[in-house]
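J.: Need a 3D model of the sequence below.
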Amino acid sequence: MKRILVLCTGNSCRSQIAEGYLRHFAPGKAEIYSAGVETHGVNPKAIAIMKEDEIDISRHTSNNILEYTDINFDYVITVCDNAKERCPFFSSNAKKYHYNFPDPAKATGTEEEIMAEFRRVREMIKDYCRKFVEENFDA
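T.: Predicted coordinates:
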């Protein structure tokens, strides 16, 4: 079974959403982990917008990358530029992927505008994860 690590700055939004979708699109095909170069806790808005899409990430934890240094990953996906720049060296031969998704936690405006940005980013990550699984795992 393949091992995938999704890495972000604080492991609170983008990496949590990606972990949820990768689990959804690749059940039984991969072990999915997410981590941050820091830990900020799982963002309640990320939990809420994933629940809207019937994916429960409410039991996810915010983990630090240092917790996983001895795991041999097959894929490392960074979902923000900061994490890509600060990603520690992995001794594995992991294939590295990167996409700099906007940070919905930095959205401003009314509650509706903020939630709209969370949903917009969720859809971007959902599409990315669906394509990643299609391209890297047999159907």
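J.: Mind naming the longest helix for this structure?
T.: Scanning the chain for the longest helix, with DSSP state H as the assignment, gives helix 111-136.
J.: can you pull the buried residues of it?
T.: 114-115, 117-119, 121-122, 124-126, 128-129, 132-133, 136 (16 or more other CB atoms under 10 Å). Every C-beta, even on glycine, is put in place using the N, C-alpha and C of the backbone.
J.: How far does stretch 69-77 sit from its chain's centre?
T.: 14 Å (CA atoms, centre = their mean, to the nearest Å).
J.: ok, and for that stretch, which residues are buried?
T.: 73, 74, 75, 76, 77.
J.: quick one: which of the residues you listed sit in strands?
T.: 75, 76, 77 (DSSP state E).
J.: For the first one, which non-adjacent residue is closest in space?
T.: With CB to CB, 6 or more residues apart in numbering as the measure, residue 4 is the residue that lies nearest to residue 75, at 4.6 Å, once sequence neighbours are left out.
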